[in-house]
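Asker: generate a structure from the sequence data that follows.
(chains A and B, ligands or ions: 3)
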Amino acid sequence: MTDYINIGKNKEKVDALALAAGEPLFADDFALKDPLHIAFLYSPHAHAKIKSIDTVEAESMPGVALVLTYKNTPRVLYTSAGQSHPEPSPYDMYMFDEKVRFVGDRVALVAAESEEIAKEAVKKIKVEYEMLPALFDIEEAEKDGAPVLHDGEEHVMIPSAIYRPEKNLAARIAFLYGDSQKGFEEADFVQEATYYTHIASHCALETHVTKATFDHYGRLVLITSTQVPFHARRIVSNILGIPLGKIRVIKPRIGGGFGSKQEVLLEPYVALVAWRTKRPAQIVTSREEYFVSGRTRHAMRSRIKMGVKNDGTIVAMEIDDLMNAGAYGPHGPTVLANTGAKVLPLFNKIENVSFYADCVYTNLPVGGAYRGYGATQGFFGLNQHIDHITRLLGIDMAEFVKKWHIKTGETSEVFKAIGEGKTGHEQVVTSCKLSECIDEAARVIGWKEKRGAKRKEGDKCYGVGMAVATQGSGIPLIDMGGAHIKMNEDGSFNLYVGATDIGTGSDTVLAQIAAETLKVPSEKIIVLSSDTDLTPYDVGAYASSTTYVSGNAVKRCAQKVAERIMEVASEMLECPREELTLGVEEVSHVKSGRSLSFKDVAYYAFYAKNQFQIEESASFVSPVSPFPFCATFAEVEVDIKTGIVRPLKVVTAMDCGNVLNPKLAEGQVEGAVLNGVSFSLCEEYLFDEKGKMKNPSFWDYKVYKTTDLPEIVTILVPSFEEYGPYGAKSVGEVAINTPGPAIANAIYDAVGIRMYDLPMTPERVLKAIKEKGVG
Amino acid sequence: MKLRFTLNGQEVTAEASPLDRLLDVLREQLGYVGTKEGCGEGECGACSVILNGKLVNSCLVPALQVRGGDVLTIEGLDGEEDALQKAFVEEGAVQCGFCIPGMVLAARALLSANPNPTREEIKWALAGNLCRCTGYERIFRAVDKAAAEGYGRKIAAEKGRRDNVSEESVKLQGSEPSRVFLPGDLEEALEILARYPDVTLLSGCTDFYPDLKKGKPEPERVMDIWNLKELKGIKLEDGYMEIGSGTTFSEVASSDLVKKHFPALAYLSTLIGAVAIQNRATIGGNLVNGSAAADSPPLLFVLGAIAVLQSKRGVREIPVTELYSGYRKTVLMPDELLKSVKIPLPSVKSRQFFYKRGSRLALTISRLSVAGFIELDGEAVGDIRLAAGSMSPVPIFLTETEKYLRGKKLTEEVIDEARLIASEEVSPRTSKDYRKRVTGRLVSRFLKEARS
Ligand SMILES: Cc1cc2nc3c(=O)[nH]c(=O)nc-3n(C[C@@H](O)[C@@H](O)[C@H](O)COP(=O)(O)OP(=O)(O)OC[C@H]3O[C@@H](n4cnc5c(N)ncnc54)[C@H](O)[C@@H]3O)c2cc1C
Ligand code: FES
Ligand code: FES
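Answerer: Numbering: from 1, shown residues only, chains lettered A, B, ... in the order given. Ligands and ions are numbered 1, 2, ... in the order given. Predicted coordinates:
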């Protein structure tokens, strides 16, 4: 294993220098010739019917080229969720509808010669609304008499979830095994609590940008900030009826996604404007639009009930989740499924489990994919619950988790019960170093000395807390990635992958995998990714799939190319293929001591005899979704007079399989951890009583900055995942799940209050302190 | 209008409308797209550039203010040859890269002023630059690395490759001469103000652009006062410190005079946004704009500051406490501007303080602030003034608390009672409990410090 030449090395990110130099690489950096600029009219109401809409004045403004409303756009139902076909999200939206369902819903658009004119014209559109009662409270959604959001003809395509729009039910997932009632009866005590996680924004630094133009065949070319170029192409084609072959989607560099761009949010609109007017068109959304009209993390209420024996055995668990879809349901069913599927297997020895989860519509911003994808929501409550139970039992949570968590070679009933998009199927954990992660992180934070020490200085109280989590690596039997490699005369290779690098460094890691397999330094691999005309298909950047799924495709492809190289060499050296070995940039015949450089081989194949292009393609779809694991330990300072919680140190130990590129992997963990800290301590959507977001800007929606930072420590605890390319598992998402509950548990350790509700702002903490009478 | 300025060492010409932002001119006019827009409101730093040697947010700078100036964007650095950019690459500090040009320039501005910064100094210097991908750790390491390689000293030595703008730096076109005013001195500015009382003054524009974004109508006429020398500077005179209204918070924060006499004001200045904001935000704009969240008014209230207003008709002085006639309204006459703020020098026995709280440590528009001034008479409280900001349209004095404290010895009991009175004196509309409680606590913290 030690003789890897690329794997495990800190290879520089292939695009880093160009990015640091500010080269024109992002969607908005591409200047179109004379484009139309698009501006949307957004609904000011949470729930209303459009009685009339008058666009005459807007249309007659000089410089206005096109106005689109529900009257002149396709009446095709779709979901904006960028998922594999058939998307497991309800088809519940039109480009424009006669009804608006949240403040920020789209009513119309204007395409004009300049952004200013478009915005002016938007103001000239006259809309008469018939107000409908709005629904904001998830607890009210399914009650009789509640306002119904989707009372039309929407249909659904989810095999494993129940959909009842007339009850505002976007999805229901329920399963049970064992007999939880019996379990509770056997228990020595029952612990029950309800936890809340909130709506949040991804805050990718680049907002959503889509540009449309035409190639010399008159085909439509979309340059767009997307995590899912292939899904975008398919969905645009389906909605607009433009043949798929007439659309090309190019993903340039992306300024962060985190799930927000796993959404086909702008592409159909910009495509339609360009197609109708036969002119290039574009939209660059503002930060406010990103907050209000983009996607969010689904808020969730999670009620957890556990029956426990005095010896620590959890005999029964009941989970009752209620998730807020917002006005539409993209990703609703799958995020909902993951609140169980990714969370419950961690404690696989509980014999009696019942899981019941609903995802309901409300007249609030739309939920979507967000790093963690339901696991974040689920692990917030679960980790606090375990903390509480271990406190009641008087035992150390770290030891408890180590004893009870799922181990290598084990399985969970949950795998069979639910999957993401399809029904579940059995899977055995093939690598798990969670116990080692716990030990490592505990040591670094000083768990033994600090836990329960109740250190106090003046008004400042100190405590430590921990949390653990898992995720997956791609969606089994659904996520597919393709790769294509061709060899050049100098022994370099072009690697074409559909995989979508959204800043995560996947181009680099995939190059390392190709290089390792071909035995060349990764600098010899030229990566081109995510262009529907040039690269093979890939699902895109989500579900922690890229390194694992696309990585396996690349490895397979590179193996085939290596095989071709060997064949040519065997012809050249006139010796059997079996006697040849692949060395670094050469093929050698040990017996005779002869060898050929890759360059020799390539020249021969190109120019000498039986000429052909050395190239191969391969695809990969996985039967399993290997689990990465992580443990986060946090130390906090709580000021009991102000309620301010300062995380001092956050230590995360991560088992992401064999580490392909330590610096990039650590960077993923650090980014996820900080996002998790920021999410749980200060990021918050504030709504007025009419459902309008009150703080759609970085001024008022607070995100952690350099000066707020705790000390962040990342420890990689390598394992070897047999299914993974070179033993790798995913790393991008899992670490966002643990900071919130670890901090909440640390707050409990410090001041004995339980934070059931996110975010843990000074106001909330102070309120809890006051209620408890600690401060 | 036609603008000339130096961009990355070379003279350039650009066409701009009166309110165009430097960011738009760079990206759209000149094709320098390395400068990014992440928010358009001064909060993310993706648009950072270095203007006349100082880090600024180009989304908040009117292009007309760079006429004849010197702008450095990411394209002006040497890429592979630039030790700082290389350090970012080598340390794995670049993920999506969207924030990186701004980060690199913020780091460069830091290193050119402070070649060997501590980790804490790096954090403060980058506090205005948001990154959602990296968790920042690797960015800090990159800055450390470049510093260790002597980057700061090297770039300091490298100055002087800028073109001097050869011709007139600005040419107004069409109707612009009656809409855009670029006075050369204060007298001319007052003349214009007298003639066009509806003209909007452009100073650091850190409130101006965010206000436009929030829906304030675009002004018909604007006048650039950013460069007026008469509005800049800090001096001592007749028992007062006079601070020109056009003085930036960076200048206030670094002034030895301010640090000596008004440490609370110097401290406050370091808390206004982040570096790029402090380099542009002026104390005059902060005071006149009268936002409820503005930090300087409560402190200037308790320090007994005087606003010096000037028009063609003459100069008048009024206490800052009488400056406001309502929420975001002042008593300035249409033809007047704020020339300076005069603050009476405090006695050596006195103490002053300013605290603010928001949900993050830096770059937060304060959700509550408390300022105080106290003079002890032996052990007893002599003069005391306390004011709270952000919880009402204009700062309020905590008169009950003041009254209670006057003449009392600062015992534990007295301080505790003062804390309770103070928390009852404010009546915030939102986050009530929290803000009341914290207000009381900040007052008690101040009294404890004043006693020691
Ligand atoms: C990201 C960010 C963070 C911030 N953080 C803080 C903070 O923490 N605390 C805080 O207090 N503020 C904060 N601010 C606001 C602060 O930058 C402004 O209040 C600033 O001080 C205003 O000065 P300016 O020169 O930029 O004013 P401008 O925007 O140029 O002008 C604002 C208004 O004042 C008028 N004006 C300016 N100068 C004069 C004068 N001499 N006479 C008469 N009228 C005049 C102008 O006509 C205009 O109407 C922040 C701003 C941003 C963008
Ligand atoms: S674009 Fe965010 S600070 Fe300028
Ligand atoms: S690298 Fe993506 S925002 Fe900083």
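Asker: what is the burial count for residue A:56?
Answerer: 10 (other C-beta atoms under 10 Å in any protein chain shown). Where you see a C-beta, it was placed from the backbone N, CA and C, and this is true even at glycine.
Asker: what's the separation between it and residue A:64?
Answerer: According to C-beta to C-beta, to the nearest Å, residue A:56 stands 11 Å off from residue A:64.
Asker: how about low-confidence regions in the stretch 351-452 of chain B?
Answerer: Scanning the stretch 351-452 of chain B for pLDDT under 70 picks out B:358-366.
Asker: if we use 90, what do you get?
Answerer: Within the stretch 351-452 of chain B, the set of residues satisfying pLDDT under 90 comprises B:356-368, B:377-379, B:390-393, B:427-435, B:437-438, B:451-452.
Asker: tell me where the stretch 451-600 of chain A has helices.
Answerer: Ranges of helices in the stretch 451-600 of chain A, per DSSP state H, counting those that start in this stretch, are A:506-518, A:551-573, A:598-603.
Asker: can you tell me which of the ones you listed is packed in deepest?
Answerer: Of these, the one with the most neighbours on average (mean count of other C-beta atoms under 10 Å in any protein chain shown) is helix A:506-518, at a mean of 27.
Asker: output that helix as CSV - backbone C-alpha positions only.
Answerer: The C-alpha coordinates for helix A:506-518 follow below in CSV (Å, rounded to 0.1, in the frame of the first residue of the first chain):
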residue,chain,number,x,y,z
SER,A,506,-13.3,15.9,-7.2
ASP,A,507,-11.6,16.7,-10.5
THR,A,508,-8.3,16.3,-8.6
VAL,A,509,-9.2,13.2,-6.7
LEU,A,510,-10.5,11.5,-9.9
ALA,A,511,-7.3,12.4,-11.6
GLN,A,512,-5.4,10.8,-8.8
ILE,A,513,-7.5,7.6,-9.1
ALA,A,514,-6.9,7.5,-12.8
ALA,A,515,-3.2,8.2,-12.4
GLU,A,516,-2.7,5.6,-9.8
THR,A,517,-4.4,2.9,-11.9
LEU,A,518,-2.4,3.9,-14.9
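Asker: could you give the mean pLDDT of it?
Answerer: Helix A:506-518 shows a mean pLDDT of 97.
Asker: what's it packed up against?
Answerer: Secondary-structure packing of helix A:506-518 (3 or more C-beta pairs under 8 Å, 6 or more residues apart in numbering or on different chains; DSSP states H and E): strand A:480-487, strand A:493-497, strand A:525-529, helix A:551-573.
Asker: skip the chain neighbours and tell me the closest residue to residue B:347.
Answerer: residue B:375 (6.2 Å; C-beta to C-beta, 6 or more residues apart in numbering or on different chains).
Asker: equivalent analysis for residue A:74, please.
Answerer: In space, and not counting its chain neighbours, residue A:74 is closest to residue A:239: 5.8 Å by C-beta to C-beta, 6+ apart.
Asker: residue contacts, the residue of the stretch 1-150 of chain B found nearest chain A?
Answerer: Relative to chain A, the nearest point of the stretch 1-150 of chain B is residue B:34 (2.1 Å; C-beta to the nearest C-beta). Residue B:34 is in contact with A:21-24, B:73-75, B:101, counting by C-beta atoms under 8 Å, 6 or more residues apart in numbering or on different chains.
Asker: given the biggest strand by length in chain A, what are its sheet partners and their directions?
Answerer: If you go by DSSP state E, chain A has its longest strand at strand A:314-326. Take DSSP bridges as the rule and strand A:314-326 pairs in its sheet with strand A:300-308 (antiparallel), strand A:352-361 (parallel).
Asker: ok, is the helix-or-strand element of chain B with minimal mean pLDDT in contact with chain A or not?
Answerer: One helix or strand of chain B scores below all others by mean pLDDT, DSSP states H and E: helix B:151-157, with a mean of 88. No. Helix B:151-157 stays clear of chain A (C-beta under 8 Å from any C-beta of the partner chain), getting no nearer than 13.9 Å.
Asker: run through the stretch 51-200 of chain B and note the low-pLDDT ranges.
Answerer: Along the stretch 51-200 of chain B, segments meeting pLDDT under 90 span B:78-81, B:155-168.
Asker: sec struct for residue B:174, please.
Answerer: Recorded secondary structure, residue B:174: coil (DSSP: H, G, I helix; E, B strand; the rest coil).
Asker: pull the contacting residues for it.
Answerer: Counting by C-beta under 8 Å, 6+ apart, residue B:174 has no contacts.
Asker: one more time with 10 Å
Answerer: With contact set as C-beta atoms under 10 Å, 6 or more residues apart in numbering or on different chains, residue B:174 has these partners: residue B:1.
Asker: ok, it to residue B:3 distance?
Answerer: The gap separating residue B:174 from residue B:3 is 15 Å, by C-beta to C-beta.
Asker: in chain A, what residue is nearest chain B?
Answerer: residue A:22 (2.1 Å).
Asker: burial count for that residue?
Answerer: Number of residues near residue A:22 (other C-beta under 10 Å) recorded here: 26.
Asker: now the residue nearest to it when sequence neighbours are not counted, what's its secondary structure?
Answerer: Nearest non-adjacent residue to residue A:22, counting by C-beta to C-beta, 6+ apart: residue B:34, 2.1 Å away. When classified by three-state DSSP, residue B:34 comes out as coil.
Asker: list the buried residues for stretch A:237-252?
Answerer: Neighbour counts over stretch A:237-252 (16 or more other C-beta atoms under 10 Å in any protein chain shown) mark A:237-240, A:242, A:247-252 as buried.
Asker: quote the end-to-end distance of stretch A:59-70.
Answerer: For stretch A:59-70, the first and last residues are 15 Å from each other (C-alpha to C-alpha, to the nearest Å).
Asker: what does the average pLDDT come to for that stretch?
Answerer: Here the average pLDDT along stretch A:59-70 is 98.
Asker: count of neighbours near residue 20?
Answerer: All of this is about chain A. Residue A:20, neighbours per other C-beta under 10 Å, totals 29.
Asker: that's the wrong chain, I wanted chain B
Answerer: Residues near residue B:20, counting by other C-beta under 10 Å: 18.
Asker: and for residue A:86?
Answerer: Once other C-beta under 10 Å is used to define contacts, residue A:86 is seen to have 12 neighbours.
Asker: tell me which of the helices of the stretch 451-600 of chain A lies nearest to ligand 1.
Answerer: Closest approach to ligand 1 among those (C-beta to the nearest ligand atom): helix A:506-518, 33.3 Å.
Asker: so in chain A, where's the weakest helix or strand by average pLDDT?
Answerer: For chain A, using mean pLDDT, DSSP H and E, the weakest element among its helices and strands is helix A:413-417, scoring a mean of 87.
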